[in-house]
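Novice: Curious how this folds, go ahead:
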Amino acid sequence: MAMRGLTVFIADIRNCRVRELEEKRINKEMANIRTKFKEGSLSGYDKKKYVCKLLYMYILGWDIDFGHMEAVNLISSPKYSEKQIGYLGITLLMHENSDLVRLVVNSIRKDLDDNNEIHNCLALHAIANIGGREMAESLASDVHRLLVSPNSKSFVKKKAALTMLRLFRKHPDVIPAPDWAERITNIIDDYDLGVCLSVTSLITALAQQYPEAFMMVIPKAIMRLHKIIVERDFSADYVYYKIPIPWLQVKLLRLLQYFPPTEDTNMSEMLHNVLQTIINNSQETPRNVQHNNAQNAILFEAINLAIHLDCESEIVRQATNILARFILSKETNVRYLGLETMAHLAAVTDELDEIKKHEETIILSLRDKDISVRRRGLDLLYSMCDVSNAKTIVSELIRYLHIADYALREEMVLKIAIMTEKYATEHSWYVDVILQLISSAGDHVGEEVWYRVVQIVTNHENLQEYSAKMVLHYMRSPHCHENMLKVGGYILGEYGHLIANLPGASPIEQFNTLHARFGLCSLATRALLLSTYIKFINLFPEIKGAILAVFNQYRHVLDAELQQRACEYMAIATMPTDDLLQTVCEEMPQFPERESALLSRLNEKSGQTEDKRTWNIGGKDSNDKTPANLLAAKERGENASVDDLVAGVGGVTINGDGEAGEPNGAAQAPAPAPAPAKTGLSWKDQLAPGSEKWYNHLRDGADGVLYEDSILQIGIKSEYHGHLGRLAIYFGNKTHTQLNSFAVTVDAPEGLVIASSHTLATSIGPSTQIQQLYSLECQQIVTDVPMIRISYHAGSTQSVVLRLPVLLSRFIEPIQLASADFFGRWKQIGGPPREVQEVIKAPGKIDLEKARAALVSHRLGICENVDPKPGNFVATGVLNTSMSGKVGCLLRLEPNRDTNMYRLTVRTTSDVVSKHLKEILQTALLFNPQSR
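Specialist: Prediction:
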């Protein structure tokens, strides 16, 4: 039924010729709607009409700050038209962090459970569009149920798959993909190709993060492709210009590229037939543009898969000939795809001869009218470069650099620098190319490029004289770039003496060449050149007077850095002897061998899409860590992934008794655990009720239960030595049902590094236990304790936040001191702020054994017979940190049984440690174990 009031309102708005009239009409309607909502007792029809008006105003760009509750109420309506407007309202008017989201979760869940598939779809649309974490945690399992249910209609399954894909992309940690992998994968066999297409999109995203869990999809994807392409088994509804469901074919072919080649002979033969059929079909003359586009999309993805499986196969050889034809095509899109696919082949194959035959055509693509084609041509030249053609390619790229688009120049400079370094057969050629690069494209030469030049020149003695001579030559050109001045300043300062006897390279000529451009460069470059000048004084005493005049001039400039350098260098240069000058200006040592920073810089510039790349631009060595290769290496038992090498944990195991052990003997520095995403309240505000009593019993370093409720029991065992420690945490499921979506996040305070030994299981079986080992390293003084958040699904999503009893005192090593040594150091440390004193009222009768145990449990050594008064305690220890050094800790504890009070005095070499250690010991002395 048409809403006449809405129609009239829209007509009135459209008739408003100026904004003032529109605003007046909008305000009038808003006032009317507010009044109607306040009166209440509106029918569903009226609510729907007024919400529609609000939505129309919102779409026009007006702020709507009311009507949200009416939209929420419409969701519960049994009528489809009202429910539809309600869902449209919350989708447009609410954002993922809105407080009202909690109100609609139950209504959405009710519609997901409804037998009416239309209601299911409305709910799925709302989840996908709002997509907040709270909604994802609450409803992900319901979306999964709709997806895998045999009773769900095909169009519901399609929407459920795409909704889950949206939730996974936004909150990947919420979706327990490994647990659901088998049931989701089975849907690829669904008779409805639309469902198969939607699920393939979902699996492609999930498999990139959990490849092992989705290995079972390989045979299913191959068989589905074989049915469509070879057996021609498909519904006529999905034929697009004589091509059966090309979108599904492309997605399945791409999905298989995320996995290593299958070892099943039958599957391999079946996939070979599929690829060969696609190659043969590509020879058909396209009937029209749409048919041509669909056919090419499948063909290029098939070639990429064939290259991925075996780049030396017969199919790839056929494909190479096809690609050679495509890079000459008149169609821009075809040229683009041809160059990109050929770059893929060049990046993974050892045999480049077939590609080199087309080198001239590829070089010509750099002058294509379309910039995207020029980019792909550059990528292909970079990938196909080797020792035999490096000089040709580099010279062509440098020649093209002068006319290249500004958007391409920085990337070109990086690739030229990498190729030159990688394939240089003569050091002099490397220097010539890099200096020419800096001279011709200085504005686009990043810091990494000239840093790398300096490293290589410093490490190769036979290159130093030639580099000094060439850089002096380039600096004399009329248009010398500032980056060239930086390189020249460094190289001449270190190696200018090697060319001092050559014509035109005398010391004063070197100085004059540099100083002629001194006033035109940036402050940072001037600072570098001042350092060069002090080295000149050491190398060439005859020009000392000219340089001292420069230092004297810059002693009075406004810039603090230049002023400080000039003053210090002036003082060093005018000392009676040259001993300090010679020490300061010693020749730079060789740089340690390291991977070039240019590669990481180039990878940063490579744009990442939603899906991970299945191959990397560059040579074969750039593709060792593609997703498929990493997975294949893992299957072979090789630890190929750097991400899997968590320093300090790889060699640590827990034996059957739960004790921490380390086969290699020496503890390694752990890699930091990922920081948790904190939202809303801080973690301390979310601590599990009753968790403090468990925490207090473990503050002294004891092993035991950290937390327990009706579902979960958490226990810990720990061991510490110096600045390192190991912490084993046990998670036990006390129920008779499985806990799913199990996840643990640890938040370490600043100065403490925590690393986990392995990826924790995402589920705990009934009445079973799992464990996780953490490596600890105290790098700096730590004044807080780590927090741990455990989340799991048991009927609903639940979370537990706890404090881990990893106190600063855990990293103290006890020592023993004699009386004279103790009081000598006590006096040496002195009073406040390094001394902290507190008078403590004992919670009960003073117990000397309990006081002694409190000090010992916090790893302090009791020094007997040091304090002249019997009953007093003297304790010492050394706090160990890996970066801030060691901190000596001394304390005296004086119990007074008459007043039932302690006087605690702590002195350390750090005022922060003194204060924090006093608080730790004060809490230990006040703790009453009977309170449990």
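Novice: the strands in the stretch 151-300 of the chain, which residues?
Specialist: For the stretch 151-300 of the chain, the strands identified by DSSP state E, counting those that start in this stretch occupy 239-240, 243-244, in order along the chain.
Novice: Highest mean neighbour count out of those?
Specialist: Mean neighbours per residue, mean count of other CB atoms under 10 Å, is largest over the strands of the stretch 151-300 of the chain for strand 243-244, with a mean of 20. C-beta coordinates here come from the backbone N, C-alpha and C atoms, glycine included.
Novice: about what we covered before: out of the strands of the stretch 151-300 of the chain, flag the one nearest Val457.
Specialist: Across the strands of the stretch 151-300 of the chain, the minimum distance to Val457, taken as CB to CB, is reached by strand 243-244, at 57.5 Å.
Novice: Let me see the mean pLDDT of that closest one.
Specialist: If you average the pLDDT over strand 243-244, you get 91.
Novice: And it, how far out from the chain middle?
Specialist: Distance of strand 243-244 from the chain centroid (CA atoms, centre = their mean, to the nearest Å) equals 40 Å.
Novice: which residues touch it?
Specialist: Counting contacts by CB atoms under 8 Å, 6 or more residues apart in numbering, the residues outside strand 243-244 that touch it are 228-229, 232, 234, 238, 291, 294-295, 298.
Novice: are any of these buried, and which?
Specialist: Applying 16 or more other CB atoms under 10 Å to the contacts of strand 243-244, the neighbour count classes 228-229, 234, 238, 291, 294-295, 298 as buried.
Novice: Out of those, which comes closest to Ile327?
Specialist: Lowest distance from Ile327 to the buried ones among the contacts of strand 243-244 (CB to CB) belongs to Gln295, with 17.6 Å.
Novice: Tell me how many other residues surround Gln771.
Specialist: Using other CB atoms under 10 Å, the number of residues around Gln771 comes to 17.
Novice: Ser910 contacts Arg834, doesn't it?
Specialist: Yes: Ser910 sits in contact with Arg834 when judged by CB atoms under 8 Å, with a separation of 7.2 Å.
Novice: Pipe the buried ones among the contacts of strand 243-244 into CSV and attach distance to Pro576 and pLDDT per row.
Specialist: As requested, the buried ones among the contacts of strand 243-244 are exported to CSV (distance: CB to CB, whole Å; pLDDT from 0 to 100):
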residue, distance to Pro576, pLDDT
Ile228, 90, 93
Ile229, 88, 93
Phe234, 94, 87
Tyr238, 92, 89
His291, 90, 88
Ala294, 86, 90
Gln295, 85, 90
Ile298, 83, 93
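Novice: Point out where the stretch 501-650 of the chain drops to low pLDDT.
Specialist: Applying pLDDT under 70 to the stretch 501-650 of the chain flags residues 593-597, 599-611, 618-650.
Novice: Quick check: chain neighbours aside, which residue is closest to Lys49?
Specialist: Residue nearest to Lys49 in three dimensions, not counting chain neighbours: Met3, with 4.7 Å by CB to CB, 6 or more residues apart in numbering.
Novice: how close does the residue nearest to Leu337 when sequence neighbours are not counted get to Arg254?
Specialist: Sequence neighbours aside, Phe300 is the residue nearest to Leu337 in space, at 4.9 Å (criterion: CB to CB, 6+ apart). Taking CB to CB, to the nearest Å as the measure, Phe300 and Arg254 are separated by 10 Å.
Novice: Over to Asp12?
Specialist: Separation of Asp12 from Arg254 (CB to CB): 51 Å.
Novice: Same check on His226?
Specialist: With distances taken as CB to CB, His226 is found 17 Å from Arg254.
Novice: for the record, mean pLDDT for the host helix or strand of Lys49?
Specialist: When secondary structure is defined by DSSP states H and E, Lys49 falls within helix 44-59. When pLDDT is averaged over helix 44-59, the result is 89.
Novice: Can you give the distance from it to the centre of its chain?
Specialist: Taking CA atoms, centre = their mean, one finds helix 44-59 lying 43 Å from the centre of the chain it belongs to.
Novice: Sweet, I'm off.
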